[in-house]
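# structure for this input, please:
(chains A and B)
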Amino acid sequence: MEKAGMEKTGKERAEMKETGNDTGQTGKRKSGADGKVSAARLYRHYISVIIRSKMQYKKSFFMYSLGNFLVSFNVFAGIFFMFRKFNNVKGFTYSEVLLCYSIVLMAFSLAEMFARGFDTFPGMVRKGSFDRLLLRPRGIVLQVLGSQFEITRFGRVLQAVLLLGYSIWKGDVRWDFGKAMTVVFMIAGGMALFSGFFVIYASLSFFTLEGLEFMNIFTNGLKEYGKYPMGIYGKGLLWIMTFLIPFALVQYYPLLYLLDRRSGAGYIFLPLAAGLFLVPCYFLWRYGVRHYKSSGS
Amino acid sequence: MKKYISFFRLRTVMGLQYRVAAVSGIATQFFWGFMEIFALHAFYETNRAAYPMTMEATCAYVWLQQAFLAFFNIWALDGEIMEAVVSGNVAYELCRPLHIYNMWFAMGMANRISRAWLRCIPILLVAGLLPKPYGISLPADGMHFVLFVAALLLGLTVVVASCTLIYVFSFFTVSMDGIKILFTSMSELLMGAVIPLPFFPEKVQRVLELLPFAAMQNVALRVYSGNLTGNEMWRALGLQLIWAVVLIAGGKMLCGAAEKKVIIQGG
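Sure thing, here's the model as predicted:
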């Protein structure tokens, strides 16, 4: 799968060249009066161009969406069959684990969808196309975010929605407004966290030129093993996931609140604290940009 | 035969060029291995009676899976080959005085072996040093080890034969995306890469064990730790052999049929 993804990015980038120019022109056209299009508008424009260009290859879009769906379906199948043999894991039942997994999957796929530009950034540095971004009179982060929008992750988002729906329907969580907000914050916080890892991954490529495979641990690894509540992996790992990598803040503790195992309104907002993780990531990124030397190609 | 061996050697040397990537990959694989073991251990502690393997066997399974990932990661289809078929460059390959099926087969074997042996040694060494039951210990006796190696090689043969079959299929269709995606994602679950086959419900497991997917990593990884013994083991080894022969014969026949009417579209 990963390889298929890699092959595609090459093609995408070829498309990007065209769409990039396109955006430049339309940007100029719209800018007439006050000279600048607002960032939000420009971003929307970036996205709509990318979506339109992707939709030129409808069959490929459906195939890759299906592929994405199937790959995460395997994880679900794994959970499903494990719970035929066991009726709980460390006190968490099937529907509770599904609730946990669907939230993590949702956060991850949304982050992958929106922050894909950072995920594929090492390629941009290697090819030297990052230089072009530096020449344009807009924020770099905005341009990198707008350089990619991985709509094929739609397959995964759909699966996350289905699983979330199923676990809400089957599970016996007593829902109220606070808990609904907790789920929203868990997804938002998780998205921020995963995006942060993509930013770190991109920043490191300023120094190594290569994408580092071990960063996979924090993105795909956390998505994969975030299927089970972090508490089941033991105290040591929970400590790491709380204080070193704030993953448990978006996954484990708020989940306990949803399941009425912890109380206190603080748990509702805990996932948002994980958003602070983006601050050091941003500084690392800034540091990287300042030390950027073009690869020259 | 000499021609194929030299292809084999060429690919091995190429694979060895990427040493830094291998180191980074090994670190990643340790993480996956540990997380997998932690997760399964949680199930083990929750309900020992329902747990279908010993913890030692589970850990051996996980570490061997990580060590020989390159043997069994079926999604690592050779993009170059598929590309060559789609773009028509395969015409050059067809002109060579080699049988294309054999060449692809040799390339697949070489690719996987060159990648695996770089990675398996450090992983097995470190896993061997881990305390019981989280690490991996030597197999019970020499006989076990020999059977393990045999199952490993048979498994590799089945994997490479399946991949080559997919390449041959690409002669018949223009776009392979669909088949590729279905094949890779399904085989991962059915071969026991998501959860080992003993963790499936018994009836499902019994069916899965007959499929070619079970002839890939399942047998070797379970023979090593003594999870698969006696008649069951011999039956599994026999099935591996049968699937290897069937897949290779089928692939060769299909390839012969394809070669006769291959149409190169432009070039």
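# name the element residue A:289 belongs to?
Here residue A:289, judged by DSSP states H and E, is contained in helix A:278-290.
# just residue B:149 next, same as before
Under the criterion of DSSP H and E, residue B:149 resides in helix B:142-169.
# what does residue A:44 give?
Assessed by DSSP H and E, residue A:44 sits inside helix A:39-54.
# surely residue A:121 touches residue A:206?
No. Contact criterion CB atoms under 8 Å: residue A:121 and residue A:206 do not qualify, at 9.1 Å. No exception for glycine: its C-beta is placed from N, CA and C like everyone else's.
# when those two are compared, which one has more neighbours?
Taking other CB atoms under 10 Å in any protein chain shown, residue A:121 and residue A:206 do not tie; residue A:121 has more neighbours (26 against 20).
# from residue A:50, how far off is that one?
The gap separating residue A:121 from residue A:50 is 16 Å, by CB to CB, to the nearest Å.
# neighbours of residue A:233, how many?
22.
# check the gap between residue B:60 and residue A:247 for me.
Distance from residue B:60 to residue A:247, by CB to CB: 29 Å.
# same question, residue A:165
24 Å.
# with adjacent residues omitted, what lies nearest to residue B:205?
Counting by CB to CB, 6 or more residues apart in numbering or on different chains, residue B:205 lies nearest to residue B:197, which is 5.5 Å off, once chain neighbours are set aside.
# my guess is residue A:92 meets residue A:227, correct?
No. At 10.9 Å, residue A:92 and residue A:227 do not qualify as touching, with contact defined as CB under 8 Å.
# shared neighbours, the two?
residue A:100 (CB atoms under 8 Å, 6 or more residues apart in numbering or on different chains).
# lowest average confidence, helix or strand, in the chain?
In the absence of a named chain, this looks at chain A. Least confident element among the helices and strands of chain A, by mean pLDDT, DSSP states H and E: helix A:2-31 (a mean of 42).
# and residue A:165 and residue A:247? which has more neighbours close in?
residue A:247 (26 against 11).
# need the per-residue pLDDT for that one.
Note for residue A:247: predicted pLDDT of 94.
# that one: what's it in contact with?
A:193, A:222, A:226, A:230, A:241, A:274.
# of those, which is the nearest to residue A:292?
Set against residue A:292, the nearest of the contacts of residue A:247 by CB to CB is residue A:193 (25.2 Å).
# how many other residues sit next to the nearest residue to that closest one once chain neighbours are set aside?
With CB to CB, 6+ apart as the criterion, residue A:193 has its nearest non-adjacent residue at 5.1 Å, and that residue is residue A:274. By the criterion of other CB under 10 Å, residue A:274 has 25 neighbours.
# and residue A:274, helix, strand or coil?
helix (DSSP: H, G, I helix; E, B strand; the rest coil).
# my read is that it contacts residue A:249, right?
Yes. Using CB under 8 Å, residue A:274 makes contact with residue A:249 at a distance of 4.5 Å.
# common neighbours of these two, please.
Common contacts of residue A:274 and residue A:249 (CB under 8 Å, 6+ apart): residue A:189.
# what sits against the nearest residue to residue B:123 once chain neighbours are set aside?
The shortest distance from residue B:123 to any non-neighbouring residue, by CB to CB, 6+ apart, is to residue B:67 (4.3 Å). Shown in contact with residue B:67 (CB under 8 Å, 6+ apart): B:116, B:119, B:120, B:123, B:124, B:127.
# and the least confident of those residues?
Pick the lowest pLDDT in those and you get residue B:119, at 81.
# burial count for it?
Neighbour count of residue B:119, defined by other CB under 10 Å: 19.
# how about it, what does it touch?
Going by CB under 8 Å, 6+ apart, residue B:119 touches B:22, B:25, B:26, B:29, B:67, B:69, B:70.
# returning to what we had before: buried set for the following helix or strand past the helix holding residue B:149?
Next along the chain after helix B:142-169, taking DSSP H and E as the criterion, comes helix B:177-190. Across helix B:177-190, burial judged by 16 or more other CB atoms under 10 Å in any protein chain shown covers B:177, B:180, B:181, B:183, B:184, B:185, B:187, B:188, B:189, B:190.
# contacting residues around whichever helix or strand comes after helix B:177-190?
Toward the C-terminus, helix B:177-190 is succeeded by helix B:202-208 as the next helix or strand (DSSP H and E). Contacting residues not belonging to helix B:202-208 are listed as A:81, B:190, B:192, B:197, B:198, B:200, B:214 [CB under 8 Å, 6+ apart].
# stretch A:197-204 now?
A:111-112, A:115-116, A:118-119, A:121-122, A:144, A:211-212, A:215, A:218-219, A:222, A:278, A:281-282, A:284-285, A:287-288.
# now stretch A:84-97
For stretch A:84-97, the external contacting residues (CB under 8 Å, 6+ apart) are A:79, A:82-83, A:100, A:166-167, A:170-172, A:227-229, A:231-232, A:255, A:259, B:42-43, B:45-47, B:50, B:52, B:199-201.
# can you flag the buried ones in these?
Burial by neighbour count, 16+ other CB under 10 Å: within those this picks out A:79, A:82-83, A:100, A:167, A:171, A:227-229, A:231-232, A:255, A:259, B:42-43, B:46, B:199-200.
# name the residues of the lengthiest helix in chain A that are buried.
Using DSSP state H, we find that the single longest helix of chain A is helix A:177-208. By 16+ other CB under 10 Å, the buried positions in helix A:177-208 come out as A:179, A:182-183, A:185-206.
# hmm, back to that, okay, the contacts of residue B:67 in a markdown table with distance to residue A:63 and secondary structure next?
Below are the contacts of residue B:67 laid out as a markdown table (distance: CB to CB, whole Å; DSSP: H, G, I helix; E, B strand; the rest coil):
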| residue | distance to residue A:63 | secondary structure |
| --- | --- | --- |
| B:116 | 30 | helix |
| B:119 | 31 | helix |
| B:120 | 33 | helix |
| B:123 | 34 | helix |
| B:124 | 38 | helix |
| B:127 | 38 | helix |
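# residue A:46: which of these is nearest?
residue B:119 (39.6 Å).
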